[in-house]
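Participant: model this:
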Amino acid sequence: MTAGQSPADEARFYFKLAVTMAGLIIVGFSVHSTLGRSTFAAPLTVHLHAVVFMGWVGLYVLQNWLVATGRVAVHRRFGWIAVPWMVAMLWLGYATTVGMVQRGVVPFFFLPQHFLIADPMMLLCFAGLTAAALALRRRIDWHRRLHLCAMAILLGPAFGRLIPMPFLTPFAFEIAPLQYAPPPGMPSK
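Facilitator: Got it, this is the predicted structure:
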């Protein structure tokens with residue numbers, strides 16, 4: 001927390017970030033769907049993956065809203081939903097990735113082997129940050145930051161649908177991580 005910032009101000013800040021992230025994810029996937037790149041003919045695993053991951057986004061926004069509105073006790077009870085939910089996300093994320101590679105429907109600007117490695121690594125990074133956030137739940141400052149970083153990991157696929165990835169070929173895999181790099185000249189703390 002910065003000097004002069006109250007806990008309520010900080011909670012509202014994290015809630016606004018949660019809503020912004022959720023909005024980016026919804027817009028990214030909506031654009032993809034609107035352009036006809038999605039289909040309901042996809043395998044059941046893909047649909048379950050979408051429901052569970054969007055459910056996580058909703059849970060993240062809800063949890064931040066509960067804290068921002070002072071309902072910390074309810075936040076703590078709902079927080080334990082994260083553990084089985086994260087396990088479902090890991091399983092469905094991995095199964096969806098492997099299924100896409102097996103069916104040959106990896107986005108054309110990624111090599112299948114890049115997709116097969118990068119997506120599970122992203123999931124493991126998300127799970128590690130989320131597990132650390134749960135382990136440090138009594139350290140509110142770290143708990144919030146770790147959850148925020150875990151959520152930022154999930155923004156990758158949404159950004160990938162918003163930026164013109166096909167125009168970045170053949171370097172899309174190498175360029176994609178740059179979305180997480182700090183701007184040049186930004187001071188580090």
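
Participant: who's in contact with stretch 120-133?
Facilitator: 82, 86, 89-90, 93-94, 97, 142-144, 146-147, 149-150, 153-154, 156 (CB atoms under 8 Å, 6 or more residues apart in numbering). Where you see a C-beta, it was placed from the backbone N, CA and C, and this is true even at glycine.

Participant: try 7 Å this time
Facilitator: Outside stretch 120-133, the residues that touch it by CB atoms under 7 Å, 6 or more residues apart in numbering are 82, 86, 90, 93-94, 97, 143, 146-147, 149-150, 153-154, 156.

Participant: phi and psi next, for the nearest residue in space to Leu136 that is not next to it in sequence.
Facilitator: Nearest residue to Leu136, sequence neighbours excluded (CB to CB, 6 or more residues apart in numbering): Trp142, at 4.4 Å. Dihedral pair for Trp142: phi -70, psi -40, per degrees, to the nearest 10.

Participant: can you check the one 5 residues further on too?
Facilitator: His147 has phi and psi values of phi -60, psi -40 when expressed as degrees, to the nearest 10.

Participant: so which of the contacts of stretch 120-133 comes closest to Val74?
Facilitator: Ala82 (14.0 Å; CB to CB).

Participant: model confidence for that closest one, exactly?
Facilitator: Looking at Ala82, its pLDDT is 89.

Participant: quick one: it from Leu134, how far?
Facilitator: Between Ala82 and Leu134 the computed distance is 7 Å (CB to CB, to the nearest Å).

Participant: repeat for Met151
Facilitator: 14 Å.

Participant: look at these two and report which has more neighbours.
Facilitator: Higher neighbour count among Met151 and Leu134: Met151, with 23 against 16, using other CB atoms under 10 Å.

Participant: pretty sure the more buried one contacts Tyr60?
Facilitator: Yes: taking contacts as CB atoms under 7 Å, Met151 lies within contact range of Tyr60: 5.6 Å.

Participant: which element is Leu146 on?
Facilitator: Secondary structure from DSSP states H and E places Leu146 in helix 140-153.

Participant: over to Tyr94?
Facilitator: helix 82-103.

Participant: what sits up against that helix?
Facilitator: With CB under 7 Å, 6+ apart, helix 82-103 has contacts from 43, 45-46, 48-49, 52-53, 56, 59, 106, 112, 115-116, 119-120, 123, 127, 130, 134.

Participant: can you map out the helices along this protein?
Facilitator: 7-34, 44-68, 72-79, 82-103, 112-135, 140-153, 155-162, 172-175 (DSSP state H).

Participant: below-threshold pLDDT in the chain: ranges please.
Facilitator: 1-4, 32, 36-38, 164-189 (pLDDT under 70).

Participant: and if we set it to 50?
Facilitator: Residue ranges of the chain with pLDDT under 50: 181-183, 186-189.

Participant: before we move on, back to that, out of the contacts of stretch 120-133, what pair is the most spread apart?
Facilitator: Between all members of the contacts of stretch 120-133, the farthest pair (by CB to CB) comes out as Thr97 and His143, at 28.5 Å.
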